[in-house]
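In: pasting the structure only:
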């Protein structure tokens, strides 16, 4: 039987990992469709019908499709009632996801891309690496000494931030100067059903 | 009598304009507090108490503070019931705001910054200018020939995108190759109570 949710993505994509991590932690079975980014499959007409922006990840659920990893996490949290927020915390979560998109993601993701996939001009690479380090330093200062970003319970905000911080390994950014950040990452990794991309995503189509 | 809403921002800040534009179009009076970014007022302890990230804009409303311009627009739309979305369109709006944060804002805002305020190394400036042009080209292709981003009625998504597109003037990005984008901007500018930053924001503290 087909799973209720299909995830379209790539095992090489940080934003796909965000969504895969959320689905794994929620214990939600999902079908997986590999989108070959190197071949431009994300710009093919059949994929653009799922996502007008031509990017991974996308999920389909009950005949609707959803794109933008932070939107998908918010939707899944509401849909499953897991890792969700309530009341005023909903706005704090919204703010955090936009901080992540504005400050954390660009520097970390571009630095990973330039390190792992395609070299950039040195001045451009340095600009994004500095941005990444500034954002990681800020995050380290904002994280609580115990618990999670919005309090004692983990939420989809932690998963969004974690999946981006995970990219620092490929980006060769050393986190050892930020012990609070590292301790929080270990707390996320201790959540039941946690996995790295290799544990959660697939290299080809897969039925869940 | 003090207005219900106070906006903390800078007349030079694109994200502050987003929020000012929303408040203006909703006909909502607001008190304004100028945050002098050149003097680092956004990093002062009393401002960090309003916004942990140390950025403008911020609004306060009913004893709560809200930051991240796209979050504030979403909150105001829900609060006023104006320029709002409903049902599935709520998710489309969420996706658009994240596309704006990911693709449109960085290129346009950094290009404006490098053009108007502080010069960057040529390779860095070129990287962001190319990003801006790619995103504006994509937006031009996605906009409908009539009406607004999510249908016949304008929503806060149009205002978020518009305020970022407005920054192309200072960034010296020529929009004439994208007539669909320019026509949509004229439709936003025709909305009742529309104003440019000089019409809406203030250069010093102001009671609304």
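Out: That came in fine, so what should we check first? All values reported here derive from a predicted model rather than from experimental measurement. Numbering: from 1, shown residues only, chains lettered A, B, ... in the order given.
In: list the helices and strands the lengthiest helix in chain A packs on?
Out: Longest helix in chain A by number of residues (criterion: DSSP state H): helix A:122-142. Judged by 3 or more C-beta pairs under 8 Å, 6 or more residues apart in numbering or on different chains; DSSP states H and E, helix A:122-142 is in contact with helix A:105-116, helix A:156-166, helix A:179-189, helix B:122-142. C-beta here means a position set from N, CA and C on the backbone, and glycine is covered the same way.
In: summarise which helices and strands the first one is packed against.
Out: Using 3+ C-beta pairs under 8 Å, 6+ apart as the contact criterion, the neighbours of helix A:105-116 among helices and strands are helix A:14-25, helix A:122-142, helix A:156-166.
In: can you redo the ones you listed as TSV with mean neighbour count and mean pLDDT?
Out: Shown next, in TSV, are the helices and strands packed on helix A:105-116 (neighbours: other C-beta atoms under 10 Å in any protein chain shown; pLDDT from 0 to 100):
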stretch	mean neighbour count	mean pLDDT
helix A:14-25	26	98
helix A:122-142	18	98
helix A:156-166	25	98
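In: out of those helices, which gets nearest to residue B:6?
Out: Comparing the helices and strands packed on helix A:105-116 by their distance to residue B:6 (C-beta to C-beta), the top pick is helix A:122-142, with 23.5 Å.
In: tell me the angle the closest one makes with helix A:179-189.
Out: 80 degrees (axes from the mean of the first three to the mean of the last three C-alpha atoms, to 10 degrees).
In: up against chain B, what does chain A have?
Out: A:52-53, A:64, A:66-71, A:74-75, A:88, A:91, A:94-95, A:97-99, A:101-103, A:105-106, A:120-121, A:123-124, A:127, A:138, A:142 (C-beta under 8 Å from any C-beta of the partner chain).
In: which members of the residues you listed occur in strands, if any?
Out: Taking DSSP state E as the definition of strands, these contribute A:64, A:66, A:67.
In: for the first one, give me its contacts.
Out: Counting by C-beta atoms under 8 Å, 6 or more residues apart in numbering or on different chains, residue A:64 makes contact with B:88, B:91.
In: same check on the last one?
Out: If a contact means C-beta under 8 Å, 6+ apart, then residue A:67 has A:50, A:51, A:52, A:53, A:55, A:57, A:58, B:95 as its contacts.
In: contacts only, for the nearest residue to it once chain neighbours are set aside.
Out: Leaving aside its chain neighbours, residue A:67 sits nearest to residue A:51 (4.1 Å; criterion: C-beta to C-beta, 6 or more residues apart in numbering or on different chains). Residues counted as contacts of residue A:51 (C-beta under 8 Å, 6+ apart) are A:8, A:42, A:58, A:65, A:67.
In: list the contacts of the third one.
Out: With contacts defined as C-beta under 8 Å, 6+ apart, residue A:58 is in contact with A:7, A:8, A:9, A:47, A:50, A:51, A:65, A:66, A:67, A:72.
In: contacting residues for the second one?
Out: Meaning residue A:8. A:33, A:35, A:47, A:50, A:51, A:56, A:57, A:58, A:59, A:60.
In: element containing the last one?
Out: Here residue A:60 is covered by strand A:58-61, with elements defined by DSSP states H and E.
In: since we're on residue A:117, how many residues are nearby?
Out: Counted with other C-beta atoms under 10 Å in any protein chain shown, residues neighbouring residue A:117 total 11.
In: quick check, residue A:36 in contact with residue A:11.
Out: No. Distance between residue A:36 and residue A:11: 10.8 Å, which falls outside the contact criterion (C-beta atoms under 8 Å).
In: look at the two and report which has more neighbours.
Out: Legend: neighbour count by other C-beta under 10 Å for residue A:36 and residue A:11, higher for residue A:11 (16 against 12).
In: which non-adjacent residue is nearest that one?
Out: residue A:201 (4.0 Å).
In: ok, the one you found - contacts?
Out: Contacts of residue A:201 by C-beta under 8 Å, 6+ apart are A:9, A:10, A:11, A:16, A:17, A:20, A:32.
In: and with 7 Å instead?
Out: Neighbouring residues of residue A:201 by C-beta atoms under 7 Å, 6 or more residues apart in numbering or on different chains: A:9, A:11, A:16, A:17, A:20.
In: in TSV, list these along with distance to residue B:115.
Out: Converted to TSV, the contacts of residue A:201 look like this (distance: C-beta to C-beta, whole Å):
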residue	distance to residue B:115
A:9	36
A:11	39
A:16	35
A:17	36
A:20	40
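In: low-confidence stretches in chain A?
Out: For chain A, the stretches with pLDDT under 70 are A:1.
In: outline the domain layout of it.
Out: If you go by automatic domain parsing, the domain ranges for chain A are A:5-83+A:194-200, A:89-189.
In: the last one: end-to-end distance?
Out: Counting by C-alpha to C-alpha, to the nearest Å, you get 23 Å between the two ends of domain A:89-189.
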